[in-house]
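this is a predicted model, with the sequence first.
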Amino acid sequence: MATQLNMLPEAPVETGRDFEFPQREAAFFYGLFLRGHSADELRRDIQIPAPVLAKWDRETAREPGLRAMLERIVEYRRHVLAIFDSLIDHDTSGQRLQ
């Protein structure tokens, strides 16, 4: 995590494509859940830690051009988390019915 705190994401040329399919990333994490990984640990992996958000906020004060990209990253990760949570909820509600 220390490495993550010191790094800002590099802006790829085609940033828009990276954010087109949050379902794929959520499905990846859901697959890990099905293989026995803790849902809470996976949620922490999906979320952007508060110290990283704070660092990004400070960086955007110095480089305002980064703000839009970083906001898009945060929104994308929230979307991935929401999809992941809905998959978990669906999975656990289906098990209760059986």
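That came through fine. Numbers count the residues shown, from 1 in each chain.

and P51, how close does it get to E59?
In this view, P51 and E59 are 13 Å apart by CB to CB, to the nearest Å. Yep, even glycine has a C-beta here, placed from its N, CA and C like the rest.

kindly report the same for E41.
E41 is 27 Å from E59, by CB to CB.

got the contact list for F33?
Applying CB atoms under 8 Å, 6 or more residues apart in numbering to F33 gives the contacts A39, L42, F84, L87, I88, D91.

Throw these into a markdown table and include pLDDT, thanks.
As requested, the contacts of F33 are exported to a markdown table (pLDDT from 0 to 100):
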| residue | pLDDT |
| --- | --- |
| A39 | 96 |
| L42 | 97 |
| F84 | 97 |
| L87 | 95 |
| I88 | 94 |
| D91 | 72 |
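
which among those residues end up buried?
Those of the contacts of F33 that meet the buried threshold are A39, L42, F84, L87, I88, by 16 or more other CB atoms under 10 Å.

helix, strand or coil: sort out the last one for me.
Pointing back at I88 there. helix (DSSP: H, G, I helix; E, B strand; the rest coil).

how close does the residue lying closest to it once chain neighbours are set aside get to E25?
Take I88 and drop its neighbours on the chain: the residue closest to it by CB to CB, 6 or more residues apart in numbering is A39, 5.5 Å away. Per CB to CB, A39 is found 15 Å from E25.

okay, and for this structure, where does confidence drop off?
Applying pLDDT under 70 to the chain flags the ranges 1-18, 93-98.

if we go to 80?
Applying pLDDT under 80 to the chain flags residues 1-19, 91-98.

show me where it has its helices.
Using DSSP state H, the helices found in the chain span residues 2-6, 15-18, 22-34, 39-46, 50-62, 67-97.

highest mean neighbour count out of these?
helix 22-34 (a mean of 16; mean count of other CB atoms under 10 Å).

ok and it relative to helix 67-97, angle-wise?
50 degrees (axes from the mean of the first three to the mean of the last three CA atoms, to 10 degrees).

tell me the angle helix 22-34 makes with helix 39-46.
140 degrees.

how far is helix 22-34 from where the chain is centred?
Counting by CA atoms, centre = their mean, to the nearest Å, helix 22-34 is centred 11 Å from the centre of its parent chain.

fine by me, thanks again.
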